[in-house]
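Undergrad: Task: produce atomic coordinates for the following.
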Amino acid sequence: MTDLLTKGEQTRQDILYAAKSLFTKQGFHGTSMRQIASDTGITVGSIYNHFENKEQIFDHVLIEQHPYRRIIAILESTPISNVEEFMIEFVGAVINEMGNNPDFFELVFIELSEFKGKHVPQLLQAILPHTLPVIERLKATQMEMRDLPSHTILLSFVGLFFGYYLADIITNSDEKMKKYRVDLEQYLTIYLHGILKTEQS
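TA: Predicted structure coming up:
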């Protein structure tokens with residue numbers, strides 16, 4: 001049986017959902033507390049019963065609305081046979097998940113452009129303890145992987161996702177650009193092996 005939210009808890013959730021919608025449309029600085037209150041259906045004073053200020057609201061939106069819990073579940077459930085198969089299955093599943101949460105990227109861009117990444121450390125502290133053990137398992141099953149710190153590998157994954165997402169935005173921005181759309185497996189090949197030929201290739 002699902003626990004019912006108290007009136008206060010429901011109001012808090014309503015504030016976060018209203019704020020998320022406004023932030024993604026207008027940015028953090030372009031959104032006022034009055035707008036958040038209006039879209040929530042409460043007074044500005046009532047917001048302060050739940051949050052100290054607008055930045056704290058954004059902080060909670062970024063952490064609580066982040067789909068990292070689902071991504072961690074995907075990471076932990078993806079079978080590890082070899083690195084390439086793991087990456088194709090895992091990255092494909094995460095990109096699909098991100099496609100279902102497009103507002104997340106908008107929030108991250110706001111975080112980077114308006115806050116210069118101020119809240120990112122808090123987000124990483126929530127993610128790293130769950131993800132680093134999986135990276136260790138991956139390294140243990142693939143002897144030819146370079147001996148790199150697990151956190152470096154994990155953060156390179158983050159860059160991989162954002163790079164692919166940006167490439168997808170660019171190539172989907174205009175009908176004429178769609179012929180340049182990046183193939184995910186080719187993108188992963190470059191990530192794993194680079195663009196230079198090896199003696200084996």
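Undergrad: check contacts around the nearest residue to D14 once chain neighbours are set aside.
TA: Closest residue to D14 apart from its sequence neighbours, by C-beta to C-beta, 6 or more residues apart in numbering: T40 at 5.0 Å. C-beta coordinates here come from the backbone N, C-alpha and C atoms, glycine included. Neighbouring residues of T40 by C-beta atoms under 8 Å, 6 or more residues apart in numbering: 11, 14-15, 18, 47.
Undergrad: could you redo the residues you listed as TSV and give each row distance to I88, neighbour count and pLDDT?
TA: Formatted as TSV, the contacts of T40 follow (distance: C-beta to C-beta, whole Å; neighbours: other C-beta atoms under 10 Å; pLDDT from 0 to 100):
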residue	distance to I88	neighbour count	pLDDT
T11	43	18	95
D14	40	17	96
I15	40	24	97
A18	38	22	96
I47	45	23	97
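Undergrad: I'd like to know which of those residues are part of strands.
TA: Within the contacts of T40, no residue falls in strands by DSSP state E.
Undergrad: Pick the one among those residues closest to G30.
TA: Closest approach to G30 among the contacts of T40 (C-beta to C-beta): A18, at 14.5 Å.
Undergrad: from memory that closest one sits against I36, does it?
TA: Yes. Applying C-beta atoms under 8 Å as the test, A18 and I36 come out as touching, 5.5 Å apart.
Undergrad: Can you give me the domain boundaries for this protein?
TA: For the chain, automatic domain parsing gives the domain ranges 7-54, 66-193.
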